[in-house]
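K.L.:
All I have is the shape, not the residue letters:
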DNA sequence: GGCGGGATACTTGCATACAAGTTCTTGACA
DNA sequence: TGTCAAGAACTTGTATGCAAGTATCCCGCC
């Protein structure tokens, strides 16, 4: 009954490379538009090109990198239009998940309260990574409560573009404060199964990350494309 | 200005294998639960294992196949719970897209009307593949009109499970008739920007495919899992 | 000094060889 | 005849070699 398969799956070099690249791109440790070389990545990660190529194939599917056959592969630039589409998907699904979660007359928000506390703590200690992690977990929990956890995966795929934009605007203490407050209001609305309030709050919350889009584009023009 | 890159992309063996496998799985030419062998696939497609592996890596990402490291890889069984989640994602996004498309006071439904005609024709000639293709194009067009074409891609990913279920229930002339009629009502609602009618119609339409789920599960127990 | 052409060094795509592990079969023995 | 063990035949994972194409750099020439 030991989860051997999972251990083995974690051991796969290809997956390790994939996780490494995804987080590196999300956290902007690899800049948008940066050139990637299979051989270079292979050397740096001390593996052969094969697992690197398989990881890159998946990244191409997620539209995080683009590869031109005999030329090179590079990290995709941020397209505000794509970010806006990601916002649309996220907002639509999260509102729907919220409504579904509200069909329970007494939603269990204990986990959400815990995550709110974790986020408050991360805010006070200025631990941005923990802040992000708690943020992710909080939104994921809403989907879990709705009974549609896989929908969160669909959101996450689209959200990768959005995450890079948010990363660009960090650290922003005031914005973080606002995000936490909005989270609290959303949790309150869920606890009271207040549909209309939840819809409005989630909608506003989802659009928050895009507000600074044009400004960030002016600040980092090399990271964007139209 | 010729789309050279696209031609080259299509020429890639890996992509060809991927497309081939996806359509084969969707069309149930490869049964749910069937064992796949990299070497076998490679021989059958007259390529080496490398492009086959890269295609499989992407299929694993889409959760269409599962691979156990030194044991084998097999096509995933149909999970009605996953299908239900796909329905949720599709319905939520399509309703949201419909609402967005209705923000245009005079939506251009000419393409939708054309697709309706194409579907009518496919229905009369009993060309199920063409029927499906037109169905896809019709729903895609709604997202195009909404201004969020990429959202359709997200839907398509989730819809793969659902497609297999629909394929199982084919051919069903009565069901096809109903689908077309529902499509027509949805297009009418869009043309009149009738939000509430559209929401109800799309919701009912999306749930249609699941109705026969339990019955199909009883009929093809080997294709399903819980 | 500016410009053009060729070689070189890079890129990815594909095929193959080897390694490690699992399963199934087959044969020997009790 | 049943059972167990050893090996053969599969599986996927990884590394490497080769092929084909592109961009770049440097040198010669105008």
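P.N.:
That came through fine. What you are looking at is a predicted structure, and each value in this text was computed from that prediction instead of being measured. Numbering: from 1, shown residues only, chains lettered A, B, ... in the order given.
K.L.:
now the angle from the lengthiest helix in chain A to helix B:80-101?
P.N.:
Determined from DSSP state H, the single longest helix within chain A is helix A:80-102. With axes from the mean of the first three to the mean of the last three Cα atoms, to 10 degrees as the basis, helix A:80-102 and helix B:80-101 are set at 120 degrees to each other.
K.L.:
Give me the helices and strands touching helix A:80-102, please.
P.N.:
When contacts are defined as 3 or more Cβ pairs under 8 Å, 6 or more residues apart in numbering or on different chains; DSSP states H and E, helix A:80-102 packs onto helix A:128-146, helix A:149-168, helix A:173-191, helix A:195-211, helix A:213-219, helix B:80-101, helix B:149-168. In this view, the C-beta of every residue, glycine as well, is placed from N, C-alpha and C.
K.L.:
Can you pull out the low-pLDDT segments for chain A?
P.N.:
A:1-10 (pLDDT under 70).
K.L.:
can you list the residues of it near DNA strand C?
P.N.:
A:36-40, A:49-50, A:53, A:67, A:69-73 (Cβ under 7 Å from any atom of the strand).
K.L.:
For residue A:83, which non-adjacent residue is closest in space?
P.N.:
residue A:161 (5.0 Å; Cβ to Cβ, 6 or more residues apart in numbering or on different chains).
K.L.:
Enumerate every residue touching the one you found.
P.N.:
Residues in contact with residue A:161, defined by Cβ atoms under 8 Å, 6 or more residues apart in numbering or on different chains, are A:63, A:78-79, A:82-83, A:86.
K.L.:
how about 10 Å then?
P.N.:
A:26, A:32, A:62-64, A:76, A:78-87, B:150 (Cβ atoms under 10 Å, 6 or more residues apart in numbering or on different chains).
K.L.:
Could you identify the buried members of those?
P.N.:
The neighbour-count test (16 or more other Cβ atoms under 10 Å in any protein chain shown) marks A:26, A:32, A:62-64, A:76, A:78-80, A:82-87, B:150 as buried among the contacts of residue A:161.
K.L.:
from memory residue A:170 sits against residue A:127, does it?
P.N.:
No - using Cβ atoms under 10 Å as the test, residue A:170 is too far from residue A:127 to be in contact (11.5 Å).
K.L.:
what's the overlap in contacts for those two?
P.N.:
Contact criterion Cβ under 10 Å, 6+ apart; no residue bridges residue A:170 and residue A:127 by contacting each.
K.L.:
For residue A:60, which non-adjacent residue is spatially closest?
P.N.:
residue A:67 (5.9 Å).
K.L.:
Stretch A:157-175: which residues count as buried?
P.N.:
A:157-166, A:168, A:175.
K.L.:
same thing with stretch A:32-52?
P.N.:
Those would be A:32, A:34, A:36, A:38, A:41-42, A:45, A:47, A:50-52, for stretch A:32-52 by 16+ other Cβ under 10 Å.
K.L.:
Now, the residues you listed that are in strands?
P.N.:
residue A:36 (DSSP state E).
K.L.:
Out of the buried residues of stretch A:32-52, which is nearest to chain B?
P.N.:
When these are compared for distance to chain B (Cβ to the nearest Cβ), residue A:50 wins out at 7.8 Å.
K.L.:
Please report how far the closest one lies from residue A:42.
P.N.:
In this view, residue A:50 and residue A:42 are 8 Å apart by Cβ to Cβ, to the nearest Å.
K.L.:
hey, what's in contact with both of those two?
P.N.:
Here residue A:50 and residue A:42 have residue A:17 as joint contacts, going by Cβ under 10 Å, 6+ apart.
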